[in-house]
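S.K.: Starting from these lines, generate the structure:
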Amino acid sequence: MAYEGKTPWHIWVVGVVSLLWNAFGAYDFVMSTTQGEAYWRASGMTQPMIDYYNAMPAWMYGPWVIGVWGAVIGSILLLVRRKWAVQAFALSLLGAAISLIYGLVNPMPDLPPAMAAMSVMPWVIVVIAALLLWYAWSMGKKGVLR
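M.R.: Alright, predicted model coming up:
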């Protein structure tokens, strides 16, 4: 059954805010993979933190790519009201969850007080990814997404 009503206003708010949030993740990914240590130093990372990221196994790029780009694509698909947003956000959540688990098994070295928020960010990312998946799923169930 096709959705007959006007597009809910909140889909635009969630779509735009999620796209902005996920665009920063994409920016961080691109800068990390192209600028590496120079970008991390400019971001305030200490040498042990940089060493931690440099020691990340190559297979971890898979979940990172899936998490970041799944979220960006999901946000765009949400804005254009496509059901594929659900699958994109599901992939994003999967990538974020694998990254979180990797970080729990391989904790980052002690963070300087100015960067303490980095220890909570993986949790925040997973929660936001789960909320975006739930939102897209609920909009799909209501027929808002085609």
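S.K.: Check what pLDDT Glu4 gets.
M.R.: pLDDT, Glu4: 67.
S.K.: can you tell me the average pLDDT over stretch 68-82?
M.R.: 98.
S.K.: how far is that stretch from where the chain is centred?
M.R.: With Cα atoms, centre = their mean, to the nearest Å as the basis, stretch 68-82 stands 11 Å off its chain's centre.
S.K.: Just the C-alphas of that stretch, formatted as PDB.
M.R.: The C-alpha atoms that make up stretch 68-82 are tabulated as PDB, following Å, rounded to 0.1, in the frame of the first residue of the first chain:
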ATOM      1  CA  VAL A  68      30.500   5.100   7.700                       C
ATOM      2  CA  TRP A  69      29.300   4.800   4.100                       C
ATOM      3  CA  GLY A  70      26.200   2.800   5.000                       C
ATOM      4  CA  ALA A  71      25.200   5.700   7.300                       C
ATOM      5  CA  VAL A  72      25.700   8.300   4.600                       C
ATOM      6  CA  ILE A  73      23.800   6.300   2.000                       C
ATOM      7  CA  GLY A  74      21.100   5.600   4.600                       C
ATOM      8  CA  SER A  75      20.700   9.300   5.300                       C
ATOM      9  CA  ILE A  76      20.400  10.100   1.600                       C
ATOM     10  CA  LEU A  77      17.900   7.300   1.000                       C
ATOM     11  CA  LEU A  78      15.900   8.500   4.000                       C
ATOM     12  CA  LEU A  79      15.700  12.000   2.500                       C
ATOM     13  CA  VAL A  80      14.500  10.600  -0.800                       C
ATOM     14  CA  ARG A  81      12.100   8.200   1.000                       C
ATOM     15  CA  ARG A  82      13.500   4.900  -0.200                       C
END
